[in-house]
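**Student:** model this:
(2 chains)
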Amino acid sequence: MALVLTDEQVMLRDSARGFLGKNAPVSHLRALRDRRDHTGFSPALWRQFAEMGFSGILIPEALGGSGLGHVEAGVVMEEIGRALTPSPFLSTALLAVSALARAGSDAQKGEHLPRIAAGSLIAALAVDETSKHRPNRITLQATRSGNGFALRGSKAFVVDGHVADLLIVAARTAGSLGDKDGVTLFLVDRSAHGLETERTIMVDGHNAARLEFNGVQVDADAVLGELDQGWHVLDGVLNVGRAAVAAELIGAGDEAFTRTIGYLKERKQFGRAIGEFQALQHRAAHLYSEIEITRAAVLKALQTLDEDFDQAGPIVAIAKARAGTSATLAVQEAVQMHGGIGMTDEFDVGFFMKRVRVGQELFGDANFHADQLARLKQY
Amino acid sequence: MTADLAAFREDARAWLQANCPPEMRRPSQTEDDICWGGRRWKFQSEAQRVWLVRMAERGWTVPEWPQNYGGGGLSGAQAKVLRQEMRALGCRSPLDSFGIWMLGPALLRYGSEEQKQEHLPRIARGEIRWCQGYSEPNAGSDLASLQTRAEDKGDHFIVNGQKTWTSYSDKADWIFCLVRTDPAAPKHQGISFLLFDMETPGVSTKPITLISGRSPFCETFFTDVRVPKANLVGALNKGWEIAKYLLAHERTMIGGMGDRGGTRPLSQLAAQMVGLDERGELADPMLRGQIAAFEIDEAAFRLALERAGDLFKAGQINPAISSVLKYYGSELNKRRQELMMAAGGADALEWESARSRDGALARGWLRSKANSIEGGTSEVQLNIVAKRILALPGA
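**Tutor:** Sure thing, here's the model as predicted:
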């Protein structure tokens, strides 16, 4: 597969860019933040996502979706990154759909996927428990109880957990900390008794939640996939999320970079455009190189998820690490090169810096993925 | 189409398995393992000779060149498959040469039919080894200010001047050379592109010793060298265009150094040198992190090279991307060499022992410092990106 977008993918990119540029530019996020919106996103916009076919992008056509792949999902994520659009696209359309489609029974798929495609169900993946992403250290316990299980423990950094109707929760049902066997995924309704949700507004104006499970009772049919065998599914779903966030980071980084180049051409000091100074030219050219090289890795990761899903681990680690590092450099340079105005809240560039910090942390930062790659390569 | 490609892959794999000698499937240990070809080439082994002959017969020393010039006539997609299969089997490159990387592409684009017929098949078969006469003592980064003079004498030119940093000019059979044919014209417009035999009277060379000790570089002197007019490539005074085209190829090549099939992953080398701890992790945790970060960048860079090729085929490439690749690839290779030295510790400091293969690590490390100088410095590449891609003012 050539490392370029197909004509159809380019059309999708252009239509996503046009749609988000018109309906959800950075001012959209700013407005939601400033009015302390209780959801942090626009339900009306999410309905439009459904009409555009975005919310069902990974859902088979038979279940009401668009039946597209991860490259297409990444194309949309990159544009979301460019516009900084807050939406449940990542949590619901990519993470929850991947978990349901890969592990769900026909009944579970039939119940949830058409509703997600229609934009009427929001779902979230609850994995992390500590401040750093450590998916192999799940301690939330699910113990047998009645005809099902009782869940005890807590989750953190659950993206869109504050508005999700349905939670997909990784819990330990057997084995001990660090074991791959003994992890099980559960579907939990938001109204379940004993579930406490605390909305956590993040630095970038996006939202996540902390969840407390105080003996939440679920039926046996709430198990997603096989009992004790959830690790493999979870790992795959996390890779979907990592590659998607990498694409978003490239979008955000590239947009910050593009705006910075524009500013270098326009801003005059000492009687000339600051972009004439070689000190800035070389840093800009270096940053361009970093972004271009990362772009190749991200596209390869997305293509590998489509073509050889189970072998995607190393390239996803590479893509997420690179994207985190390159986008971080892009926003740091953006603020620095914009000077004083880059530090003001009134100017948009700070929003990119904040979003990139969140994206860097989400599903493992560059250090996590470097360590991950070293493990995969046995050193 | 995909089915054809799959069939091609099967055939290529079977042929490589049957024809690539086992000795040629081991990673290159030293620079001497690389086959450069040429009139005076002494094959290191019978396997090296056989491998070259077989690949050349098939046109696979230059897979994408047309068959009538000694190439394989493969499509870009087929050539990519061939490279993948060669890498999978660990096949060494049968022939590396400036003729393949640099002069060939320039001749295919700018050469006359006679020039193509005369030179391309000999490059493909490894019979003639070429060197590149570009840099001069006073024309480095500012290459277009070169002063080697070629005077028009009717049916021939008389060339006088000096080149420097001419790689392997003491071993090369022919030179492709930038010369000034119109000293009155603005500097970019009075340059021509000439080919001549290094055995022509008046040509002499002198090796340059680098900080790494041995070096492929020479100074090359021309005193009243007579070059037939037929050896002018392209139009008179239009050599700069060819030079630029060719530099783009050189950049991609240097940028891709360390990416040749058969190079072992840095992590494996480091594991051998530093050892693993009881958890199976590199015994030096800080170095482990640096190596992992390096391998991430290296893998991404490799994909960027692949993507540049795909973009080129799709007609979507900005030619200045070669500057990105040259810049990034050469800086990456320097980083690799620094990490090798760190992993090697005191062992890597030995300069003369047999154990250290005459200081191979240290010499490789020192040699790599030239990567970001030769073929246009990193700073020049960044200037090009700033100007041709970012369109920054005054760049």
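**Student:** burial measure for B:Met286, as a count.
**Tutor:** Residues lying near B:Met286 (other CB atoms under 10 Å in any protein chain shown) number 9. Yep, even glycine has a C-beta here, placed from its N, CA and C like the rest.
**Student:** Pull up the gap between it and B:Ala293, please.
**Tutor:** 11 Å (CB to CB, to the nearest Å).
**Student:** Show me where the stretch 51-200 of chain A has its helices.
**Tutor:** A:70-83, A:97-103, A:106-117 (DSSP state H, counting those that start in this stretch).
**Student:** what about those helices, which gets the closest to chain B?
**Tutor:** Closest to chain B of the helices of the stretch 51-200 of chain A, according to CB to the nearest CB: helix A:70-83, at 13.6 Å.
**Student:** What's the mean pLDDT across the closest one?
**Tutor:** Averaged over helix A:70-83, pLDDT sits at 98.
**Student:** Centre of the chain to that helix, how far?
**Tutor:** Put simply, helix A:70-83 sits 10 Å off its chain's centre (CA atoms, centre = their mean, to the nearest Å).
**Student:** can it be found next to chain B?
**Tutor:** No - on the criterion CB under 8 Å from any CB of the partner chain, helix A:70-83 is out of touch with chain B, staying 13.6 Å away.
**Student:** pretty sure A:Gly40 is in a helix, no?
**Tutor:** No - applying DSSP: H, G, I helix; E, B strand; the rest coil, one finds A:Gly40 to be coil, outside a helix.
**Student:** Contact partners for it?
**Tutor:** A:Gly40 makes contact with A:32-33, A:86, A:162-163, A:199, A:201, A:205-207, according to CB atoms under 8 Å, 6 or more residues apart in numbering or on different chains.
**Student:** got it, and A:His112?
**Tutor:** A:96, A:100, A:104, A:121, A:123, A:166.
**Student:** count of residues packed around the fifth one?
**Tutor:** What it means is A:Ala123. Other residues close to A:Ala123 by other CB under 10 Å number 25.
**Student:** now swap in the last one and tell me
**Tutor:** Here the number of neighbours of A:Leu166 (other CB under 10 Å) works out to 19.
**Student:** That one pairs with what?
**Tutor:** Bridge pairing for A:Leu166 (DSSP bridges) gives the partners A:Ala123, A:Asp189.
**Student:** Surely it is in contact with A:Phe186?
**Tutor:** No - judged on CB atoms under 8 Å, A:Leu166 makes no contact with A:Phe186 at a distance of 10.7 Å.
**Student:** need the longest helix for the chain.
**Tutor:** Just going to use chain A. When chain A is parsed with DSSP state H, its longest helix is helix A:230-266.
**Student:** Can you look at chain B instead?
**Tutor:** Using DSSP H to define each element, chain B has its longest helix at helix B:285-313.
**Student:** Who are the packing partners of that helix?
**Tutor:** Judged by 3 or more CB pairs under 8 Å, 6 or more residues apart in numbering or on different chains; DSSP states H and E, helix B:285-313 is in contact with helix A:278-307, helix A:313-338, helix A:366-376, helix B:76-89, helix B:239-255, helix B:266-274, helix B:321-344.
**Student:** tell me the pLDDT at the nearest residue to A:Phe368 once chain neighbours are set aside?
**Tutor:** Nearest residue to A:Phe368, sequence neighbours excluded (CB to CB, 6 or more residues apart in numbering or on different chains): A:His133, at 5.8 Å. Note for A:His133: predicted pLDDT of 97.
**Student:** Give me the domain ranges for chain B.
**Tutor:** B:2-96, B:130-239, B:256-389 (automatic domain parsing).
**Student:** and these as JSON lines, adding distance to A:His28?
**Tutor:** Converted to JSON lines, those look like this (distance: least, CB to CB, whole Å):
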{"stretch": "domain B:2-96", "distance to A:His28": "42"}
{"stretch": "domain B:130-239", "distance to A:His28": "48"}
{"stretch": "domain B:256-389", "distance to A:His28": "31"}
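**Student:** what sits against whatever residue of the stretch 101-250 of chain A ends up closest to chain B?
**Tutor:** Residue of the stretch 101-250 of chain A nearest chain B, by CB to the nearest CB: A:Ala246 (11.0 Å). Neighbour list for A:Ala246: A:74, A:297-298, A:301, A:316, A:319-320, A:322-324 [criterion: CB under 8 Å, 6+ apart].
**Student:** Cool, thanks, talk later.
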